[in-house]
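Peer 1: the sequence and its predicted three-dimensional model are supplied below.
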Amino acid sequence: MAAPNALLVMGVSGSGKSTVGALLASELGWKFYDADDYHPEENRMKMQKGIALNDKDRIPWLCKLHDILRRDVASGQHVVLACSALKRVYRDILIQGKDDAPLKCDDLGKEEKPVEVKLLVVHLTGSFDIISGRLLRRKDHFMPPELLQSQFDTLETPSAPENFIQINVDKNLSEIIATIMETLK
Ligand SMILES: Nc1ncnc2c1ncn2[C@@H]1O[C@H](COP(=O)(O)OP(=O)(O)O)[C@@H](O)[C@H]1O
Ligand SMILES: O=C(O)[C@H](O)[C@@H](O)[C@H](O)[C@H](O)COP(=O)(O)O
């Protein structure tokens, strides 16, 4: 694949997406988006109540994120997105949008030339024990640690032909960032 214009930092809740994504964006000088900031209030309330999201909850949210990625890429802006993107179909929506009605990602009108989101997926992977330990220590966050098992249950690990790397979250942050920077060289 040609050099990516967008990086997706994905994984279950507590895997380090927001932390790694923000550091990486700052290192690269790319724009950073945290998908958590784009959940509608209903989704946040649902998670706060300890109920896992389903496809119907997530798809409009992913479409909105696709629109943002495409808009930025079209203007020459490179982006880092931290987003759970647990299933393959969710990652496909981030790349291509979702054409079939009634959910329509394209609210931007017709562009003059096709815009391709060339995504490198960085999957932060780790054991349930390490990640749940981090979630239990994390303060002031709406996501209850009790939802972690459902995140592992939903997770579809990236596989070919997806353009991806996997990094274990037992590494420290500087090692993780260095690995990603090396991949981008
Ligand atoms: N590689 C790491 N080593 C140690 N702690 C980490 C690492 N990555 C993230 N953390 C910590 O783990 C917690 C969860 O990270 P966070 O970025 O909020 O995850 P996510 O966005 O995937 O939910 C935070 O308190 C963060 O500081
Ligand atoms: O698709 C989902 O179920 C959510 O996006 C979820 O995966 C995400 O993890 C929460 O928004 C909590 O946010 P943190 O990932 O920051 O814990």
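Peer 2: The structure has been received and is ready for your questions. Ligands and ions are numbered 1, 2, ... in the order given.
Peer 1: which residue comes closest to the spatially most central residue of the chain once chain neighbours are left out?
Peer 2: Centroid-nearest residue in the chain: Cys83, 2.1 Å away (criterion: C-alpha atoms, centre = their mean). Closest residue to Cys83 apart from its sequence neighbours, by C-beta to C-beta, 6 or more residues apart in numbering: Ala35 at 3.5 Å. Where C-beta positions appear, they are placed from N, C-alpha and C, glycine not excepted.
Peer 1: hmm, back to that, you'd agree the residue nearest to the centre of the chain is up against Lys17?
Peer 2: Yes - between Cys83 and Lys17 there is a contact under C-beta atoms under 8 Å: 7.0 Å.
Peer 1: what do those two both touch?
Peer 2: Val9, Met10 (C-beta atoms under 8 Å, 6 or more residues apart in numbering).
Peer 1: and the chain, which residues reach ligand 1?
Peer 2: When proximity is defined as C-beta under 6 Å from any ligand atom, the chain approaches ligand 1 at 11, 13-19, 82, 134, 138, 169, 172-173, 176.
Peer 1: among these, which pair sits farthest apart?
Peer 2: Using C-beta to C-beta, the pair of the residues of the chain next to ligand 1 lying farthest apart is Ser13 and Asn172, separated by 20.1 Å.
Peer 1: who does the longest strand anywhere in the chain touch, helix- and strand-wise?
Peer 2: Ranked by number of residues, the top strand in the chain under DSSP state E is strand 119-125. Applying 3 or more C-beta pairs under 8 Å, 6 or more residues apart in numbering; DSSP states H and E, we find strand 119-125 packed against strand 6-10, helix 17-28, helix 88-96, strand 164-168, helix 173-184.
Peer 1: that strand - what's its average pLDDT?
Peer 2: Averaging pLDDT along strand 119-125 gives 98.
Peer 1: just to revisit the earlier point, relative to ligand 2, how far out is the residue nearest to the centre of the chain?
Peer 2: Remark: distance between Cys83 and ligand 2 (C-beta to the nearest ligand atom, to the nearest Å) = 7 Å.
Peer 1: which residues touch that residue?
Peer 2: Leu8, Val9, Met10, Lys17, Ala35, Leu62, Leu65, Leu94.
Peer 1: and the gap between Leu120 and ligand 2?
Peer 2: From Leu120 to ligand 2 the distance is 19 Å (C-beta to the nearest ligand atom).
Peer 1: so where's the chain shaky on pLDDT?
Peer 2: Counting by pLDDT under 70, the chain has low-confidence residues at 1, 100-113.
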